[in-house]
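A.B. asks: everything below, folded, please.
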Amino acid sequence: MVRAEKVTLRLIGYWQGPMAQDWPDVHDFVDPDWDAEEREAVGEYLATGVVFRGFGGVSTCRFCGEPNGALELTDGQWYWPDGLQHYVTEHDVRLPNAFVSYVLARMDELEVVERDVDWWRSQSPAKDADGT
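C.D. replies: Residues are numbered from 1 along each chain as shown. All right, here's what the predicted structure looks like:
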């Protein structure tokens with residue numbers, strides 16, 4: 001087995017609640033004046049994460065009490081609860097500038113990335129050793 005290099009993911013989006021007093025208070029992050037396009041872009045980015053871990057219980061929104069997910073998502077650099085998008089898009093929660101800047105830069109990078117379509121066009125179905 002090949003051992004991968006140790007990776008550290010940075011957590012974002014856990015909030016203070018009855019069972020978690022040491023997290024930030026989500027109400028301190030509300031910013032109704034946050035640019036709508038930027039907020040939408042960050043919300044869309046949060047929705048595109050890859051499932052990192054799942055849990056047995058469902059989190060509830062600290063504002064409206066709605067069920068808010070039981071997964072953690074990641075992009076390989078950060079990880080967050082899958083309900084974080086809800087806070088951003090539905091309750092005007094503005095995440096720290098370090099994360100917002102990262103997201104916007106990452107989205108800009110993906111806009112101009114070169115795409116290799118020739119590789120896929122050259123592929124054929126895999127065959128077993130006996131040719132089937």
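
A.B. asks: how about whichever helix in the chain runs longest: buried residues?
C.D. replies: Taking DSSP state H as the criterion, the chain has its longest helix at helix 97-112. For helix 97-112, a neighbour-count test (16 or more other C-beta atoms under 10 Å) marks F99, V100, Y102, V103 as buried. Yep, even glycine has a C-beta here, placed from its N, CA and C like the rest.

A.B. asks: got a pLDDT number for D128?
C.D. replies: For D128, the pLDDT comes out at 58.

A.B. asks: so where is the chain shaky, pLDDT-wise?
C.D. replies: Low-confidence segments of the chain, defined by pLDDT under 70: 1, 127-132.

A.B. asks: what are the ranges of the helices in it?
C.D. replies: Using DSSP H, the helices of the chain run over 36-47, 84-91, 97-112, 118-121.

A.B. asks: closest to T8 out of those?
C.D. replies: helix 97-112 (14.7 Å; C-beta to C-beta).
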